[in-house]
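Asks: Predicted model and sequence below, questions to follow.
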Amino acid sequence: MLLRILLLSGIAGDHIIAQQHGGATKLDNLALACCYCNRYKGPNVASIDPHTGEVVALFNPRRHIWREHFVWQGARLSGLTDAGRATVQLLQINRADAVAVRQLLVEAGIFFVVR
Ligand SMILES: [Zn+2]
């Protein structure tokens with residue numbers, strides 16, 4: 001059932017370290033990602049921190065603690081660290097359509113944040 005839900009939702013296993021960079025198809029290198037995040041991340045392992053302009057490693061969900069790098073501000077996700085900011089920007093997590101959907105879910109009481 002879970003696999004069926006994941007397939008229908010477009011959620012897939014994404015390689016944290018892409019195979020072209022030597023990343024293995026093993027659980028400790030896979031993360032669930034929606035099709036948009038998967039596509040925007042692509043094979044990237046680093047990006048630019050929009051605050052400093054520096055190249056930084058992306059957030060790694062197997063090594064980093066989510067709440068240390070991100071915070072929800074309503075329907076928008078903000079990066080708290082260089083890795084968080086670079087990841088939010090690269091994955092276009094706050095693109096208009098995603099924020100609009102999240103805002104509707106917030107208003108419906110379906111999407112809420114617990115820190
Ligand atoms: Zn996503």
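Replies: Good, I have the coordinates.

Asks: what number of residues lie near Gln103?
Replies: Using other CB atoms under 10 Å, the number of residues around Gln103 comes to 14. Placement of C-beta: from N, CA and C, glycine included.

Asks: For it, what are phi and psi?
Replies: The main-chain torsion angles of Gln103 are listed as degrees, to the nearest 10 and equal phi -60, psi -40.

Asks: again with the one 3 residues further on
Replies: For Val106, the backbone dihedrals (degrees, to the nearest 10) come out as phi -60, psi -50.

Asks: how about it, what does it touch?
Replies: Contacts of Val106 were listed using CB atoms under 8 Å, 6 or more residues apart in numbering, and they are Gly74, Ala75, Phe112.

Asks: Out of the residues you listed, which is nearest to the ion?
Replies: Ala75 (13.4 Å; CB to the ion).

Asks: Let me know the secondary structure of the residue nearest to that closest one when sequence neighbours are not counted.
Replies: Nearest in space to Ala75, with sequence neighbours left out and distances taken as CB to CB, 6 or more residues apart in numbering, is Arg102 at 3.7 Å. Taken by DSSP: H, G, I helix; E, B strand; the rest coil, the conformation at Arg102 corresponds to helix.

Asks: hang on, Leu32 in a helix?
Replies: No - checked against three-state DSSP, Leu32 lies outside a helix; its state is strand.

Asks: Alright, I will stop here.
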